[in-house]
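**Q** here's my sequence, what's the structure:
(one chain, ligands or ions: 1)
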Amino acid sequence: MSAAPRKDAVAMESEVREKIHLEILKRTGAYHANDHILLPSGQHTTEYIEKTLVTTEPSFTEGLGAVIAKHFAPWPVDVVLSTGPAALILSHCVARAHPSRPVVVYGMKGMAGGKRRVSLPVEFQRLIREGSRVLLVEDLVSTGSTIDLLIDLVEQLGAQVVGVGCLWRRTSVELHGKPVFSLVSRDFPTYSQEDCPLCRRGVPLNEEFVRRRNHRRSPSLQDRRGV
Ligand SMILES: [Zn+2]
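**A** Prediction:
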């Protein structure tokens, strides 16, 4: 048998797998497609993932976490490092399913001197030390900038990054040459308002997700009581 058909079979298998994962995300209501969507950046696009809905179904999250854990099962892992509190539920599910029984910690994002930075909460600092093997987990990798900063942080502590596991990755993103495993790898074009073909065709713009982000903290308990 030549190598080519085998390669095709592998590619097809991963395509089918990605479709299944995408269907799971659709069932959580997190994935929107075939729309004309305003992104928080001001760009327009046709697809969107609502991060907050990605892990609302415990059995789905556990299943997806197990798939990531299975991929990284051959490598010993001491620590699963979540990119932030938001990816912590998924990180927990990955750690729970990994045969090394790693601990789970998360990084914190912030700004310092006008630059983006990441740090580890003080309580976690003794858990990542020289020689620790760290698996990074993120829900959605869009630009990869948070992951890049976390890889630097881990390496500064003398620990090593085994790889990066995520639910969704925009295919154009390179991550320091580290092994990346994503359940779905998709790239969708984003347009400025001036260059947007959907605007040109007069398709109504869906501003729902940006509006929702801006109003996330309300209504408060007080508002609901009518005080
Ligand atoms: Zn548009």
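
**Q** neighbours of the residue of the chain found nearest the ion, how many?
**A** Closest contact between the chain and the ion, by C-beta to the ion, is at Cys196 (3.0 Å). Heads up, the C-betas are built off the backbone N, CA and C, glycines and all. Cys196 sits with 20 neighbouring residues when counted by other C-beta atoms under 10 Å.

**Q** list the contacts of it.
**A** His36, His44 (C-beta atoms under 8 Å, 6 or more residues apart in numbering).

**Q** what does Ile49 give?
**A** So Ile49 contacts Leu25, Ala30, Tyr31, His32, Leu140, Trp168 (C-beta under 8 Å, 6+ apart).

**Q** rerun that using 6 Å as the cut-off
**A** Residues in contact with Ile49 (C-beta atoms under 6 Å, 6 or more residues apart in numbering) are Ala30, Tyr31, Leu140.

**Q** isn't the second one up against Leu25?
**A** Yes. With contact defined as C-beta atoms under 6 Å, Tyr31 counts as touching Leu25 (4.4 Å).

**Q** what sits up against the longest helix seen in the chain?
**A** The residue-count maximum for a helix in the chain (DSSP state H) belongs to helix 3-27. Helix 3-27 has contacts (C-beta under 6 Å, 6+ apart) with Tyr31, Phe60, Leu183, Val184.

**Q** the second one: neighbouring residues, count only.
**A** Going back to what we said before, that points to Phe60. 18.

**Q** only alpha carbons, please: show the helix or strand harbouring it as CSV.
**A** Using DSSP states H and E, Phe60 maps to helix 58-71. Extracted C-alpha coordinates of helix 58-71, given in CSV (Å, rounded to 0.1, in the frame of the first residue of the first chain):
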residue,chain,number,x,y,z
PRO,A,58,-21.1,19.4,31.9
SER,A,59,-21.2,16.1,30.0
PHE,A,60,-20.0,17.8,26.8
THR,A,61,-17.2,19.6,28.6
GLU,A,62,-16.1,16.4,30.2
GLY,A,63,-16.1,14.6,26.9
LEU,A,64,-14.2,17.4,25.1
GLY,A,65,-11.7,17.6,28.0
ALA,A,66,-11.2,13.8,27.8
VAL,A,67,-10.3,14.1,24.1
ILE,A,68,-7.6,16.7,24.8
ALA,A,69,-6.3,14.6,27.8
LYS,A,70,-6.2,11.5,25.6
HIS,A,71,-4.1,13.3,23.0
